[in-house]
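A.B. asks: dropping the sequence and predicted coords here.
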Amino acid sequence: MKFGNNLRIKTATSWLPPGHETVEDAVTAGKLAASDVERLGLTQLPVSAQWSGPEMAVAAARDAISRAGWSPSKVGLVLHTWIYHQGHDMWSPPHYVANELGTPDALSYAVQQGCNGGAMALQVAAMHLAADPGLGAALITTGDRFLPPGFDRWACDYGLGFGDAGSAVLLHHGDAGPDDYALVSMATETAAELELMLRHGDDFSPTPLWHNEYIDLRRPKKSYMAVHGKERFSEIASRSIRKVIVDSVHDAGLRLDDPRIKYIALPRLGTGLLDGIYMPVLDEVLKAEALWFGAVTGHMGCGDFLANLADLRDQMPLEPGDFALVISGGAAWTWACAVVQVPEERIPEGDV
């Protein structure tokens, strides 16, 4: 999916709470096995003692609006995405984000696609803007808080730890002002058969947390692997990751070995998972340097993708004209890859 030259990411932000829990503290408390430390690659996880997921999303959104120098009234679309409890039952977090930000008339809705939600929401927003030239701008937010007793951030899944955070991106038709990136292209690939991984061995339940006192993703995955083997998932994942990279680069009008493609930002999974699933594909198809920003954040749920856009801007020496890829995946299962470019010049007023 190619977006052309005038769809711009005005800015991207992430918001982390001040509290954190170190790996050493988690091991000492019996929350994390010492044998798991190396394959996680983490030093700590951010922990929110006060703020809910939607509140952290609003904090990130306010930072984005401030950084852009915009009035909130410019935003006509608010998309919010998350994977865990948002603080209230039978409630609409996207409308909360819009109301708190001062955009109560903006079309507001949720995008649910597991941990790929941030990437998918960006693509949905891009399609809105492409179809509606009168839409001023879109705001995409994510926010999650992974607290017990319903969630064990260190042990609910294999090979990753979950960090509390919010993130935000502002997307718009380019104008004469500066932008972080041009959104050049995106590609997605779905393997819906893998939804079974997250429910294998369990009947459909009448209420949440019916099968376990906390969300335990290891149990159904272990059951699935016992029947289907690890190879099936690895084959599908590798093929899908390769396809979204190749397709997004092709749609951007680039070659895989184009020297202008400087980096690819990876999901904030544990380094063991990345080495086993992502890196073999990257070593085969791409010359760009792979980046992992997860050492002090862990996996931010839907927020990895948007936060990676912010960290690419702030931490890497990208120059005007340079390209970067951002890749994401979410159970169960869709993968996405975006190609962004640091704008070489602002769009002239007459071309907006």
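C.D. replies: Cool, the structure landed.
A.B. asks: can you map out the strands along the stretch 1-150 of the chain?
C.D. replies: 7-15, 20-22, 44-46, 75-81, 107-110, 137-144 (DSSP state E, counting those that start in this stretch).
A.B. asks: just the ones you listed: most buried one?
C.D. replies: Stretch with highest mean neighbour count among the strands of the stretch 1-150 of the chain: strand 137-144 (a mean of 31; mean count of other C-beta atoms under 10 Å). The way it works is simple: take the backbone N, C-alpha and C, and place the C-beta from them, glycine included.
A.B. asks: send the alpha carbons of that strand over as CSV?
C.D. replies: The C-alpha trace of strand 137-144 is given here as CSV (Å, rounded to 0.1, in the frame of the first residue of the first chain):
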residue,chain,number,x,y,z
ALA,A,137,-5.4,15.3,11.0
ALA,A,138,-5.6,12.0,12.7
LEU,A,139,-4.4,11.1,16.2
ILE,A,140,-3.4,7.5,17.0
THR,A,141,-2.9,6.6,20.6
THR,A,142,-2.0,3.5,22.6
GLY,A,143,-2.0,2.9,26.4
ASP,A,144,-1.7,-0.1,28.7
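A.B. asks: returning to that earlier point: among the strands of the stretch 1-150 of the chain, which comes closest to Tyr263?
C.D. replies: Tyr263 sits nearest to strand 7-15 of all the strands of the stretch 1-150 of the chain, at 14.7 Å, using C-beta to C-beta.
A.B. asks: in terms of secondary structure, what does that closest one contact?
C.D. replies: Secondary-structure packing of strand 7-15 (3 or more C-beta pairs under 8 Å, 6 or more residues apart in numbering; DSSP states H and E): helix 53-68, helix 117-131, strand 165-173, strand 181-190, helix 304-315.
A.B. asks: any idea of the mean pLDDT for the last one?
C.D. replies: When you say that, I think you mean helix 304-315. When pLDDT is averaged along helix 304-315, the result is 98.
A.B. asks: select, out of the strands of the stretch 1-150 of the chain, the one closest to Asp314.
C.D. replies: Proximity to Asp314, assessed across the strands of the stretch 1-150 of the chain by C-beta to C-beta, is greatest for strand 7-15 (9.4 Å).
A.B. asks: start to end distance for stretch 92-111?
C.D. replies: 12 Å (C-alpha to C-alpha, to the nearest Å).
A.B. asks: buried residues in that stretch?
C.D. replies: Going by neighbour count (16 or more other C-beta atoms under 10 Å), the buried part of stretch 92-111 is 92-98, 100-101, 103, 106-108, 110-111.
A.B. asks: what's the answer for stretch 239-257, then?
C.D. replies: Those would be 240-249, 251-252, 254, for stretch 239-257 by 16+ other C-beta under 10 Å.
A.B. asks: kindly report the same for stretch 273-291.
C.D. replies: Leu273, Leu274, Gly276, Ile277, Tyr278, Val281, Leu282, Val285, Leu286, Ala288, Ala290, Leu291.
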